[in-house]
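**Q** Next one to model:
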Amino acid sequence: MALPLFSTTSKLLKGPNDATSDIESEVSKALLDLEANTDLSSALRGLYFVGAEEIVIRDDKIAVVIHIPVPLQKLYHKIQGRLVRELEKKLSGKHVIFLAKRRILSKPTRHSRNLSKQKRPRSRTLTAVHEAILDDLVYPAEICGKRKRVKLDGSQQLKVHLEKSAAINTETKLDTFMSVYKKLTGKDVVFEYVE
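**A** Numbers count the residues shown, from 1 in each chain. As a prediction, this is how the structure comes out:
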């Protein structure tokens, strides 16, 4: 088994056979530049990411989703507000979103080939991963409540209530949140602010 490739000249951690996309190298370069030239350098020193992708929101707007390892998520949360602002400047105005890289394990059946005979952890279920993606997506804001609306044709729409105090930071990104969540999970979501 080959070990993942990580160097001091890159903030990207990938396997040696995995190809690096243009956006991943651009994000890695921007993070290295921030580590070298800003007061975020001490906070960014041990941090890395495992992937990045571009998601088209509208014709004129693109979001960059940066996947980070789950164990480093708390460290990223400490500096996420400033880091997102700096990266948005460096990536020419694209919205930047940090999501933890989570894995969904399939539901065990009688005929599944689960050799370890361990019970599937709740954090690896589809529902738990989708909830965690939603929490990561709106991070500086807190989710106050959720409502699921089932329409007559059987389609479902999730209404997420965010706290009003976070409207200053997240108001311009609501369409980005909706598009990214739809692309990653296939579910419709609408965001609203409550008092």
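**Q** Run through who's touching the longest helix seen in the chain.
**A** Longest helix in the chain by number of residues (criterion: DSSP state H): helix 73-90. With contacts defined as C-beta atoms under 8 Å, 6 or more residues apart in numbering, helix 73-90 is touched by 27, 30-31, 33-34, 38, 40, 43-44, 46-47, 64, 68, 94-98, 100, 136, 139-140, 169. To be clear about C-beta, it is placed using only N, CA and C from the backbone, and glycine gets the same treatment.
**Q** Quick check: buried residues in that helix?
**A** Neighbour-count burial for helix 73-90, counted by 16 or more other C-beta atoms under 10 Å, picks out Q73, Y76, I79, Q80, L83, V84, E86, L87, K90.
**Q** can you check stretch 143-161 too?
**A** Going by neighbour count (16+ other C-beta under 10 Å), the buried part of stretch 143-161 is I143, L158, V160, H161.
**Q** Could you dump those into CSV with pLDDT, secondary structure and distance to A132 added?
**A** CSV is the format used below for the buried residues of stretch 143-161 (pLDDT from 0 to 100; DSSP: H, G, I helix; E, B strand; the rest coil; distance: C-beta to C-beta, whole Å):
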residue, pLDDT, secondary structure, distance to A132
I143, 89, strand, 11
L158, 90, strand, 14
V160, 91, strand, 14
H161, 92, strand, 18
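**Q** Name the SS class of the residue nearest to the spatial centre of the chain, please.
**A** Against the mean C-alpha coordinate of the chain, by C-alpha atoms, centre = their mean, the closest residue is L99 at 1.7 Å. Per DSSP: H, G, I helix; E, B strand; the rest coil, the secondary structure class of L99 is strand.
**Q** Alright, calling it a day.
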